[in-house]
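Chemist: With the input below, show me the fold.
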Amino acid sequence: MATMTIRYLDENLKARLRLRAARNGRSMEEEVRSILFLALEAETLTGKMLVEDIRALVKPIGGVDLDLPAREPVREPPGFSE
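Modeler: The predicted model follows:
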């Protein structure tokens, strides 16, 4: 497990976090883990966001057309018997 330190946390935010953790019967650390998990769980790992970000970057310049090389036949796998 990784460890993370959060510096310069606003006192008001810390107090709200403490109250939320108490309401949910958790420690502040456990509450932060829960908040992070829920926030990041909503993001899918399909890569669609990355693709959309790249498209947004190249759209103003008209996009990018790539010349893809022709595919070559797949080579034979190596043999392990003599």
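Chemist: shaky segments in this structure?
Modeler: Across the chain, the ranges flagged by pLDDT under 70 are 42-47, 82.
Chemist: In it, mark out all the helices, start to finish.
Modeler: Using DSSP state H, the helices of the chain run over 11-23, 28-41, 48-58.
Chemist: To residue 3, which of those helices lies closest?
Modeler: helix 28-41 (10.3 Å; Cβ to Cβ). Every residue, glycine included, has its C-beta placed from N, CA and C.
Chemist: picking that back up, mind giving me JSON lines with the helices of the chain and columns for distance to residue 74?
Modeler: Converted to JSON lines, the helices of the chain look like this (distance: least, Cβ to Cβ, whole Å):
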{"stretch": "helix 11-23", "distance to residue 74": "55"}
{"stretch": "helix 28-41", "distance to residue 74": "38"}
{"stretch": "helix 48-58", "distance to residue 74": "27"}
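Chemist: Ok, which of the ones you listed comes nearest residue 75?
Modeler: helix 48-58 (30.5 Å).
Chemist: quick revisit: show me the one of the helices of the chain that comes nearest residue 1.
Modeler: helix 28-41 (10.0 Å).
Chemist: can you dump the C-alpha coordinates of the closest one into CSV?
Modeler: Below are the C-alpha coordinates for helix 28-41, written out as CSV (Å, rounded to 0.1, in the frame of the first residue of the first chain):
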residue,chain,number,x,y,z
MET,A,28,-10.6,10.4,8.7
GLU,A,29,-8.1,8.3,6.7
GLU,A,30,-10.7,5.7,5.8
GLU,A,31,-13.1,8.5,4.8
VAL,A,32,-10.5,10.0,2.5
ARG,A,33,-9.9,6.6,0.9
SER,A,34,-13.6,6.1,0.4
ILE,A,35,-14.0,9.6,-1.2
LEU,A,36,-11.1,9.0,-3.6
PHE,A,37,-12.3,5.5,-4.5
LEU,A,38,-15.8,6.8,-5.3
ALA,A,39,-14.5,9.8,-7.3
LEU,A,40,-12.2,7.6,-9.4
GLU,A,41,-14.4,4.6,-9.7
